[in-house]
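Enquirer: A predicted structure for the sequence below; I have some questions about it.
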Amino acid sequence: MKRTIQQTILLCLLCLLGNSIYAEEIPNNEIWYTSTDGNVVEPYDRGVYGADIVSNTYSNGKGIIIFDGTVTSIGKTAFYCCISLTSIEIPNSVTSIGSYAFSGCCSLSSIEIPNTVISIGSRAFSDCCGMTSIEIPNSVVSIGNSAFSRCSSLKSIEIPNSVTSIETYTFNGCSGLTSITIPSSVTSIGSSAFSGCSSLASITIPSSVTSIGSSAFSGCSILASINIPNSVTSIGNWTFFDCRSVMSIEIPTSVTSIGDNAFSSCSGLTSIMIPNSVTSIGNYAFSGCNSLISIEIPNSVTSIGIYAFDGCSGLTSITVNWKRPLSVPSDVFARVDKNACTLYVPQGTSTMYMVAPVWIDFMNIEEVSSEESQYEKELKQCDVNGDGKVNATDAMMIYNFILSH
């Protein structure tokens, strides 16, 4: 029994010793790396590390850069366009990764950022097209603009809850990105932050976010669902442009404006709810939404931009709520079939709409009683063939229309 206990203790000690041997910790005055050809990688800039380079050698499948003191930063353009660099290990004495530090390192597939790093500079990893994943530690509080732009092989990324904003173009052109976690610490999403993320199928925007920049999700072509939290007050220009797989969007009552081209070319969009908090709809806001079947514009809206609903060729009903027709640009409903689309107006106002510029172009103008339920209005909108009934024939007509478009 005593011998068994001794053997167990010895085994544990060996395991601990083994861990200390094989979990080799990089010294604070060194950087380790590997390369595609087994040769030395020469840094682009030799003077941005907080210490000077003493030697740079490569043997036994590993490169070692030795410095004359502690490495405190991987500075601006440190390894810029070092195309043979495949992996790199940074000591935990480093607190910052500068702008363009690894930009253009197209063979770099992995990097471990130590939990001492507090900032990642602009374009730090841009165009690292071979990088498939990266872990950002909780120590990081700021990530610069375009930091990971055009990392086309990056599949997923988790932003730590120490970060409060996603800057402009941060993940622009990350065409392989399929998932991303945005923590509740984030309050703003910058312009074009996720533009061109053509493999991103879903994203959850936390309620902490108060602003979403222009073109933030433009070109996210397979994004199937979008949640806009009620903390957001405006939808910027081009924000969801060409999100062609989105079928429905609910805009929260906190939103007061919809920017130019905000939802243009969302060709899969069939329904959208605009709350009565919205006061302006920008130019081309819904242009090219050719699957949109119906839309209701609240009476809170006081301005609609040019071509706002241009090319919404699938519209069968438009419901407006102004007691007097709103003055709108002549091209606001360009390429909308005004013979097939019914305009629903408040009770007692049809005569005014029948003579008002733009609104006069609609061949079918019907009054909606203020007591009429939303359910009844929706039933009317679904009566596609106008026979006064909603049945399988209407459903088949809608289905065939969507298929043909």
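Expert: Yep, it's here. Numbering: from 1, shown residues only.
Enquirer: and stretch 343-350, how far apart are its ends?
Expert: Criterion C-alpha to C-alpha, to the nearest Å; first-to-last residue distance in stretch 343-350 is 9 Å.
Enquirer: give me the residues contacting it.
Expert: 317-325, 353, 359, 362, 364-370, 377, 380 (C-beta atoms under 8 Å, 6 or more residues apart in numbering). For every residue, glycine as well, the C-beta is placed using N, CA and C.
Enquirer: residue 272 contacts residue 249, correct?
Expert: Yes. Between residue 272 and residue 249 there is a contact at 4.9 Å, judged by C-beta atoms under 8 Å.
Enquirer: hey, what's in contact with both of the two?
Expert: residue 263.
Enquirer: rewinding a little: buried subset of the contacts of stretch 343-350, written for ChimeraX?
Expert: In ChimeraX, this line selects whichever of the contacts of stretch 343-350 come out buried by 16 or more other C-beta atoms under 10 Å:
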select :317,318,319,320,321,322,325,353,359,362,365,368,377,380
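Enquirer: list the contacts for residue 121?
Expert: Contacts of residue 121 (C-beta under 8 Å, 6+ apart): 76, 96, 97, 98, 99, 100, 101, 144, 147.
Enquirer: please enumerate the helices of the stretch 301-405 of the chain.
Expert: With helices called from DSSP state H, counting those that start in this stretch, the stretch 301-405 of the chain shows them at 350-355, 374-382, 392-404.
Enquirer: ranking these by mean pLDDT, which is last?
Expert: The stretch with the lowest mean pLDDT among the helices of the stretch 301-405 of the chain is helix 374-382, at a mean of 53.
Enquirer: for residue 335, what are its contacts?
Expert: Counting by C-beta under 8 Å, 6+ apart, residue 335 has contacts 310, 311, 312, 313.
Enquirer: please state the offset of stretch 90-99 from the chain centre?
Expert: 27 Å (C-alpha atoms, centre = their mean, to the nearest Å).
Enquirer: likewise for stretch 278-291?
Expert: With C-alpha atoms, centre = their mean, you get 20 Å for stretch 278-291.
Enquirer: can you point out the buried residues in stretch 298-308?
Expert: Neighbour count says stretch 298-308 has 298, 301, 304, 305, 306, 307, 308 buried, by 16+ other C-beta under 10 Å.
Enquirer: quick check: mean pLDDT of that stretch?
Expert: Computed over stretch 298-308, the average pLDDT equals 97.
Enquirer: which residues in the stretch 301-405 of the chain form strands?
Expert: In the stretch 301-405 of the chain, the segments counted as strands under DSSP state E, counting those that start in this stretch are 303-304, 317-320, 342-346, 364-368.
Enquirer: quick check: neighbours of the third one in the sheet, parallel or antiparallel?
Expert: Looking back up the chat, that one is strand 342-346. Neighbouring strands of strand 342-346 in its sheet, by DSSP bridges, are strand 317-320 (parallel), strand 364-368 (parallel).
Enquirer: distance from the chain centre to it, please.
Expert: Worked out by C-alpha atoms, centre = their mean, strand 342-346 lies 36 Å from the chain centre.
Enquirer: the second one too?
Expert: If you compare the mean C-alpha spot of strand 317-320 with that of the full chain, they lie 31 Å apart, counting by C-alpha atoms, centre = their mean.
Enquirer: likewise for the shortest one?
Expert: Remark: strand 303-304 is offset 27 Å from the chain centroid, using C-alpha atoms, centre = their mean.
Enquirer: what packs against it?
Expert: strand 280-281 (3 or more C-beta pairs under 8 Å, 6 or more residues apart in numbering; DSSP states H and E).
Enquirer: for the helix or strand that the strand it packs on is followed by, packing partners?
Expert: Sequence-wise, the next helix or strand downstream of strand 280-281 (DSSP states H and E) is strand 294-297. On a contact count with 3+ C-beta pairs under 8 Å, 6+ apart, strand 294-297 meets strand 271-273, strand 317-320.
Enquirer: dump the ones you listed into a markdown table; add distance to residue 258 and mean pLDDT as well.
Expert: Formatted as a markdown table, the helices and strands packed on strand 294-297 follow (distance: least, C-beta to C-beta, whole Å; pLDDT from 0 to 100):
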| stretch | distance to residue 258 | mean pLDDT |
| --- | --- | --- |
| strand 271-273 | 10 | 89 |
| strand 317-320 | 16 | 96 |
